[in-house]
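*Asks:* Predicted model and sequence follow; I will ask about them next.
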Amino acid sequence: MPFQLHRRTFLKRSLISSAALGFGDFGFLSRLPNVSAAEAAVGGNIVQFRPEIESLVRLVEETSRDRLLEEIALRIRQGTTYREVLSALLLAGIRNIQPRPVGFKFHAVLVVNSAHLASQNSPDSDRWLPIFWALDYFKSSQARDLQEGDWTMSPVNERLFSTTTLASQLFTDAMDRWDEEMVDAAVAQLARTAGANEVFDLFCRYGARDYRDIGHKAIYVANSWRTLQTIGWQHSEPVLRSLAYALLMHNGPNPADRDDSADRPGRANQQRVKEIQTGWQSGKPSLAATREMLTTLREGDSSDTSAKVVELLNKGVAPQSVWDALFQSAAELLMRRPGIITLHACTTTNALHYAFQHASSEKTRLYVLLQNAAFIPFFRDDAGARNGVNIDLLEPVEPKAAGSAALEEIFSGMSSDRQLAAQKTLAYLNQAKDVSPFIDTAQRLIYLKGTNSHDYKFSSAVLEDYFSLSPTIRNRFLAASVYWLKGADENDSPLVARSRSALNA
């Protein structure tokens, strides 16, 4: 076995007054140095792995939950950087939290990129708060892992490395056979010998291969890659080993030897990719095609929805028009049946769209698009969301107030009447010249009111996806997000008070 069990002890500031919406005082963060936008941004020369990272990882692992925020705050005052804290947070989760199932306690790892995105989209003075939340969340997941057996990643078996076969071929062969031991050795060798883009392309394919874990596999691929882009590829080997182990999660006999419903669309779509004509990337946008695709997503099964994508692309419809339907469909499911399953329809679509945008292979890009279309009916039927409100028929309702007061009205009443809040949001967005106040307000309320990883994952995904949709679609999509966003009248997270106390010590 590649792993063993053993013990181990977006945007500018809102134009809205924080006080007006009951946001509370963020002055306690002033004791820490600000994180500049440049420091939190992806790209540029990243400091290579240093011994101090291992020391910081051990600090995160070994410090008690009720002392960790104070200890990290002290380190930051002494010069520890944002990237170092982010690196230690991810690596501590990779080493200490079992990535099976790909969810539950493992959200401590899945949420790291979402917390980072929240930091990027915050004013400089607020950028530590999402990271401090994620640090505390890691400690709760670590405690749960301890209760469930104290899983820890073991060293790779380098005796299985090959000197005659390319690591990429070893990896794909082992993944196709669902061979855990060989995958673990192959992925370690791959991390040491292959380029980052080649590796990402491979993982995109396998992250989208099957529907198990309601989309978490694809989410982990996107989130781990994006975090590695920030902290540095020098940390890739343990991250990729954890990721590969997660992607092989299944129950029952080897999936390679049976016809499981979770695998069926992926196998069919490997063939459908070959049916798509060259020049598919140069198609023309079509609102009619988006509506047609949306209807199929509402009524068809996974075979119908995948086939519809092939049909539209071959008719010369732009991929953007297909994605517009996928994003709308996921948001519509959330409106019809707010809950964990429909939320993951949204976050999975976010992850697969990211893979579509960044994968280097044309075949991989088409495959993840087809798989996203195939997954939507699974989410729809698993959630019992075949019927209900249609997102394209949502009617705007004008708020009684205007400007910043309109936002206060929307967010103050959000938790008591989600549909009305969505309608008011749609009216507000249709008139707004700048969406920044709404997004900044929504993000800051996650800091104050968010209580679990899904709050961060969802908000970071949908606030990012708004800009990925066509202008005629995006306002309805963002209005639908209020079915999960936090309202101003909800209770503050207990961690806010804890953070104030720790940082003012």
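*Replies:* Perfect, thanks for sending it. Predicted, not measured: the structure shown is a model, and the values here were computed from it. Numbering: from 1, shown residues only.
*Asks:* Okay, strands next: where are they in this structure?
*Replies:* Remark: strands assigned in the chain by DSSP state E are 4-5, 151-152.
*Asks:* Lowest average pLDDT across the ones you listed?
*Replies:* Among the strands of the chain, strand 4-5 carries the lowest mean pLDDT, at a mean of 42.
*Asks:* Domains in this structure, by residue range?
*Replies:* Here the domain assignment for the chain is 158-253, 264-383, based on automatic domain parsing.
*Asks:* Quick check: which of these is nearest to residue 422?
*Replies:* Set against residue 422 and scored by Cβ to Cβ, the domains of the chain come closest in domain 264-383, at 7.1 Å. Quick note: C-beta positions are derived from backbone N, CA and C, even for glycine.
*Asks:* end-to-end on that closest one?
*Replies:* Distance across domain 264-383, first residue to last, is 20 Å (Cα to Cα, to the nearest Å).
*Asks:* same question, stretch 205-215
*Replies:* 13 Å.
*Asks:* what's the answer for stretch 405-425, then?
*Replies:* End-to-end distance (Cα to Cα), stretch 405-425: 13 Å.
*Asks:* try stretch 169-185
*Replies:* With Cα to Cα applied, stretch 169-185 spans 12 Å between its terminal residues.
*Asks:* which outside residues touch that stretch?
*Replies:* Residues outside stretch 169-185 that contact it (Cβ atoms under 8 Å, 6 or more residues apart in numbering): 1-3, 156-158, 160-162, 186-187, 189-190, 202, 206, 241, 244-245, 247-248, 250, 254-256.
*Asks:* count of neighbours near residue 177?
*Replies:* Here the number of neighbours of residue 177 (other Cβ atoms under 10 Å) works out to 14.
*Asks:* Give me the pLDDT for it.
*Replies:* Among the per-residue scores, residue 177 shows a pLDDT of 98.
*Asks:* Check the gap between it and residue 158 for me.
*Replies:* 20 Å (Cβ to Cβ, to the nearest Å).
*Asks:* and of the domains of the chain, who's closest to residue 391?
*Replies:* Comparing those by Cβ to Cβ, domain 264-383 comes nearest, at 4.1 Å.
*Asks:* What sits closest to residue 423 if chain neighbours are left out?
*Replies:* residue 397 (3.9 Å; Cβ to Cβ, 6 or more residues apart in numbering).
*Asks:* what residues are up against that neighbour?
*Replies:* Residue 397 is in contact with 420, 423-424, 426-427, counting by Cβ under 8 Å, 6+ apart.
*Asks:* Same check on residue 333?
*Replies:* Taking Cβ under 8 Å, 6+ apart, one finds 342, 345, 376, 379-380, 383, 385 in contact with residue 333.
*Asks:* For this protein, give me the ranges with low pLDDT.
*Replies:* Scanning the chain for pLDDT under 70 picks out 1-52, 125, 497, 499-505.
*Asks:* now do 50
*Replies:* 1-24, 42-49 (pLDDT under 50).
*Asks:* Give me the buried subset of the contacts of stretch 169-185.
*Replies:* The neighbour count (16 or more other Cβ atoms under 10 Å) marks 2-3, 156, 160-161, 186-187, 189-190, 202, 206, 241, 244-245, 247-248, 250, 255 as buried among the contacts of stretch 169-185.
*Asks:* So which of those are in helices?
*Replies:* Those of the buried ones among the contacts of stretch 169-185 mapping onto helices are 186-187, 189-190, 202, 206, 241, 244-245, 247, per DSSP state H.
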